[in-house]
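everything below, folded, please.
(one chain, ligands or ions: 3)
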Amino acid sequence: MYFRNYESLRKSVLLVAAAVLLVGGMFFLFDSRVPGFIAVILLLAGWEFERSRCSRAMYKIIYVDELTGLPNMEEMEVVIEDKIKREEAFFLAIFDIKNFKIINDLWGYEKGDRHLKFVGDTLKQFSDVFEFACRCENDNFAVILQNSSIAMGMDELHTLFDEIGYLPDNVNYHVRYSCGLVRHEGNYENAHAMFDCAKIAKSIAKQDTQNRIIVYDEKTKAEMIRRQTLKDNLLAGLDNDEFLVYLQPKYNLEDDSLAGAEALIRWNYKNERFLPPGEFVPVFEEDGSIGLVDQFVLAKVSEKFEEWQEMGYPLLPISVNVSRVQLTNRNLVKDIASAVSARKVPFEYIDLELTESAAFDDMNYLLKTMDDIKRVGFRLSMDDFGTGYYSLGLLQKMPLDILKLDKSFVDGYTDEGCEKERLMISDIINMAHHLGITVLAEGVETKLQRDMLKEAGCEIVQGYYYSKPIPIADYEKLLQQQVQENVG
Ligand code: C2E
Ligand code: MG
Ligand code: MG
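Residues are numbered from 1 along each chain as shown. Ligands and ions are numbered 1, 2, ... in the order given. Presented below is the predicted three-dimensional model:
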């Protein structure tokens, strides 16, 4: 595109120059000097006009972003280099849209483009706030702030993110941003170095589902290197059997019998040290590669189920976590179903845990995915209930089997005097029961908590009071015990 336009401009400049020479030459040849001079002057003026029109067009091609009409990255670089040369202090912020892929995937590129244009138009309205703004590429934008303090700059950026925090034709869809901020005080040699550091900070800001601005410093750089190293080692880790599935048993409160387990991933990183999921799951959620981990867990659990059936062990449901970023995968239910059916496992023994999360805003799509999960026969649990923003009305529409009450509720019940905490838990349990949903309490660590939950009508518990997550072989011992008890 760029070269095509450039060529046509070059041709038109050459054409005008040739016409000038030709007409001027003819007048001189026929010895008609005065009109000849006038013609040449007119043609020169025309040429100059055409040349400046061309250079304006050329400027647009080189320095203006076609979709938004904002300056582009090249122009931003020129501005930054100039400021560095003049030894000015300033901030550079670059930001992008969290889960922009979701917007494109769900509603198409046209809607995505409309949002980018909306961001561009809003940035133009902020021209008195930001000294300079540009679209770098795709959904990446950059602004220069002239502020004296980080706090002021952050305030201005948050005001901008609030203004562009929804889709122009769907105000119910929340759009959030990841932003990296760097300050130049004579510490950067060129624009590229500033951009690199701002990008590092921005990539850390992606961990969060809310609007997030990260200021670049050495700690940020180290964190970025850590994350990148994990990403670089994921495939090798899967190939080398470094990933292990642990199972945390769940118990029925009515009689303390085993009610199944939750599958939780562990990474024996390079066979050197054990990494808990908190250290790598959010990293793989950034680029969607968590799907590989979830598929691995599902395949392992299905494989084990097949073995257990053959061994005559009691079949108790195992729950598997489905990362929220997988919810946009249109083939999610099909992929899960084919992984499980490869092992001839009855679907009702696989319980899929979805996290209550504020990041996924298209509730109709979420409800449809949940319905599909139930339709093909899996169980469905809502994980970490109470940490997100689901309303009662929404819960009513969800085809849930189990509501997993988040650990933070149970944590609050430290002694018998915690009446408010007890009432809150009891109300949630009653509400779930009204909706026909079973309640499981996570993170139960004491007998006191267990007894209170039983009293409040909670059916299932999971927590260190009963058992930590254990290797599969240890869980199999619990299944064997059940067989022996049944025989006995
Ligand atoms: P989660 O799904 O809510 O899992 C429960 C977490 O609470 C587990 O942490 C478990 O070890 C911990 N836990 C259970 N009972 C207690 C207790 O009594 N006290 C305390 N302090 N902790 C308890 P874990 O294994 O570190 O997993 C953390 C989170 O990582 C999980 O939270 C889940 O969101 C994610 N995760 C784990 N495995 C997978 C996976 O295979 N795929 C995906 N997408 N996410 C996973
Ligand atoms: Mg879970
Ligand atoms: Mg949980």
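
need the strands for the stretch 1-150 of the chain, in chain order.
Ranges of strands in the stretch 1-150 of the chain, per DSSP state E, counting those that start in this stretch, are 90-97, 132-137, 140-145.

just checking: what are the partner strands of the first one?
In this case it means strand 90-97. Applying DSSP bridges to the sheet, strand 90-97 is found paired with strand 140-145 (antiparallel), strand 177-184 (antiparallel).

what are the structural domain limits within the protein?
The chain breaks down by automatic domain parsing into domains covering 2-63, 73-228, 234-487.

end to end, how far does stretch 308-328 reach?
Using CA to CA, to the nearest Å, the gap from the first to the last residue of stretch 308-328 comes to 33 Å.

how far off centre is that stretch?
25 Å (CA atoms, centre = their mean, to the nearest Å).

among the domains of the chain, which comes closest to ligand 1?
In terms of CB to the nearest ligand atom, the element of the domains of the chain nearest to ligand 1 is domain 234-487, at 3.4 Å. (C-beta placed from N, C-alpha, C; glycine too.)

how about that closest one against ligand 3, any contact?
Yes - against ligand 3, domain 234-487 shows contacts by CB under 5 Å from the ion at Asp383, Asp384, Glu442.

put together CSV for the residues you listed, with pLDDT and neighbour count on each row.
Formatted as CSV, the entries for the residues of domain 234-487 next to ligand 3 read as follows, by pLDDT from 0 to 100; neighbours: other CB atoms under 10 Å:
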residue, pLDDT, neighbour count
Asp383, 94, 23
Asp384, 91, 17
Glu442, 97, 23
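
so, low pLDDT: which residues of the stretch 51-200 of the chain?
Counting by pLDDT under 70, the ranges of the stretch 51-200 of the chain that qualify are 51-61.

and the helix or strand containing Leu264, which residues are buried?
Assigning secondary structure by DSSP states H and E places Leu264 in strand 258-269. Within strand 258-269, the residues that count as buried by 16 or more other CB atoms under 10 Å are Leu258, Ala259, Gly260, Ala261, Glu262, Ala263, Leu264, Ile265, Arg266, Trp267, Tyr269.

now do the SS call for Glu156.
Recorded secondary structure, Glu156: helix (DSSP: H, G, I helix; E, B strand; the rest coil).

ditto for the one 4 residues further on
Put simply, Leu160 is helix when judged by three-state DSSP.

how many residues are close by the nearest residue in space to it that is not next to it in sequence?
Residue nearest to Leu160 in three dimensions, not counting chain neighbours: Phe126, with 6.0 Å by CB to CB, 6 or more residues apart in numbering. Neighbours of Phe126 under the rule other CB atoms under 10 Å: 16.

try the one 4 residues further on
The criterion is other CB under 10 Å. On that basis, Phe130 has 21 neighbouring residues.

so it sits against Phe141, correct?
No - using CB atoms under 8 Å, Phe130 is not in contact with Phe141, being 10.1 Å away.

wait, does stretch 449-467 make contact with ligand 1?
Yes - Stretch 449-467 lies within reach of ligand 1 by CB under 6 Å from any ligand atom, at Gln462, Gly463, Tyr464.

re earlier: contact partners for the residue nearest to Leu160?
Listed by CB atoms under 8 Å, 6 or more residues apart in numbering, the contact set of Phe126 reads Ala133, Val143, Leu160, Glu163.

and for Glu303?
Per CB under 8 Å, 6+ apart, neighbours of Glu303: Arg343.

the host helix or strand of Ile425: what's the following helix or strand?
Using DSSP H and E, Ile425 maps to helix 419-434. Going down the chain from helix 419-434, the next helix or strand is strand 438-442, by DSSP H and E.

ok, how many other residues are close to whichever residue of the stretch 51-200 of the chain sits closest to ligand 3?
Closest contact between the stretch 51-200 of the chain and ligand 3, by CB to the ion, is at Asn99 (21.8 Å). Per other CB under 10 Å, the neighbour tally for Asn99 reads 21.

beta partners of the residue in the stretch 151-300 of the chain that ligand 2 sits nearest to?
Of all residues in the stretch 151-300 of the chain, Glu262 sits closest to ligand 2, at 5.5 Å by CB to the ion. Note on Glu262: beta-bridge partners by DSSP bridges are Gln248, Ser319.

that one touches Leu247, doesn't it?
Yes - counting by CB under 8 Å, Glu262 touches Leu247, with 7.0 Å between them.

name all residues that make contact with Phe91.
Ile144, Leu145, Gln146, Asn147, Ile150, Gly153, Leu181, Val182, Arg183, His184.

swap in 6 Å and give it another go.
Leu145, Gly153, Leu181, Arg183 (CB atoms under 6 Å, 6 or more residues apart in numbering).

buried ones among those?
Neighbour-count burial (16+ other CB under 10 Å) is assigned, among the contacts of Phe91, to Leu145, Gly153, Leu181, Arg183.

correct me if wrong: the first one contacts Asp155.
No - at 10.4 Å, Leu145 and Asp155 do not qualify as touching, with contact defined as CB atoms under 6 Å.

wouldn't Val283 be in contact with Gln228 here?
No - the criterion here is CB under 6 Å, and Val283 misses it with Gln228 at 8.9 Å.

more crowded one of these two?
Between Val283 and Gln228, Val283 has the larger neighbour count (other CB under 10 Å), namely 19 against 13.

pLDDT at that one, what is it?
Val283 is assigned 91 on the pLDDT scale.

what about it, which helix or strand?
For Val283, the host element (DSSP H and E) is helix 277-286.

and that helix, what's buried?
In helix 277-286, counting by 16+ other CB under 10 Å, buried: Pro277, Phe280, Val281, Val283, Phe284, Glu285, Glu286.

identify the residues contacting Thr438.
Ile402, Glu459.

ok, Leu354 next?
Leu354 neighbours (CB under 6 Å, 6+ apart): Val322.

make 42 the starting number, not 1.
Sure, I'll start numbering at 42, so the last one becomes Leu395.

so it, which state does it fall into?
Secondary structure, three-state DSSP: Leu395 is strand.

which strand residues bridge it?
Residues in beta-bridge contact with Leu395 (DSSP bridges): Val363, Met423.

ok so, going back, just checking: which of the buried residues of helix 318-327 also lie near ligand 1?
Of these, the ones that also sit near ligand 1 (CB under 6 Å from any ligand atom) are Pro318, Val322.

farthest pair in the buried residues of helix 318-327?
Across those, no pair lies farther apart than Pro318 and Glu327, at 14.4 Å, counting by CB to CB.

can you list the low-confidence ranges for the stretch 242-391 of the chain?
Looking at the stretch 242-391 of the chain by pLDDT under 70, you get an empty list.

where does it come near ligand 2, residue by residue?
Counting by CB under 5 Å from the ion, the stretch 242-391 of the chain sits next to ligand 2 at Asn362.

how about the residues of the stretch 242-391 of the chain near ligand 1?
289, 305-306, 317-319, 322, 331, 334-335, 338, 362, 364.

that's all I had, so thanks and see you.
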